[in-house]
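Chemist: Next input, structure requested:
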Amino acid sequence: MATAAEYDRRQGLIISALKQELLTVDRYIAEAQEKHKGIERDALWLSQTVLEEKWNEAAKTLFDVGGRLWANYNLLGIDQVSLLKLAVPQAGESVGNWTWHELSDRARSHSGQDLLQLNNISIPQQAALVSQLEQRKDESSEQHGADVVEVWLKK
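Modeler: Predicted structure coming up:
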């Protein structure tokens, strides 16, 4: 009977030690999860900063092209009505929007000669633009020809 009692006592001590070890492991897991959440949050803040910088760079590129477009509209005597509602938010520490005023300001720095240079446009884009221009000319001349025939037939 003493042996059984000793065995039971030892089993109780082992179970108690294992329960304590389990509590310690659970605490370590909880601490590691909290640390992981903190690291993940820090990474998200860094990611946000990088994405805001990319956003602002993309917006600047958009406004560089928009400034050229605005200048081109000015030189052709076309209203910029479609661009007047433009508002692109700035990301990051600066709060505000880039608007058509930015386009207008950038347009002042472009001359007609600047607008005719396609150096910063890739070769495939240049080919597509030339193709579109030729298609517009063809459509325009076809329409002009149809108008001439219509006028001639009315005589």
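Chemist: From here on, just use CA atoms for contacts and neighbour counts.
Modeler: Fine.
Chemist: and residue 84, what does it touch?
Modeler: Contacts for residue 84 (Cα atoms under 8 Å, 6 or more residues apart in numbering) come out as 99, 100.
Chemist: try 6 Å this time
Modeler: Applying Cα atoms under 6 Å, 6 or more residues apart in numbering to residue 84 gives the contacts residue 100.
Chemist: tally of neighbours for residue 64?
Modeler: The number of residues packed near residue 64 is 16, by other Cα atoms under 10 Å.
Chemist: so it sits in a helix?
Modeler: Yes. Residue 64 forms part of a helix when assessed by DSSP: H, G, I helix; E, B strand; the rest coil.
Chemist: Tell me how far it lies from residue 37.
Modeler: Counting by Cα to Cα, to the nearest Å, the gap between residue 64 and residue 37 amounts to 40 Å.
Chemist: Please apply the same query to residue 101.
Modeler: Relative to residue 37, and taking Cα to Cα, residue 101 is found at 43 Å.
Chemist: same thing with residue 9?
Modeler: From residue 9 over to residue 37 the distance is 42 Å, taken as Cα to Cα.
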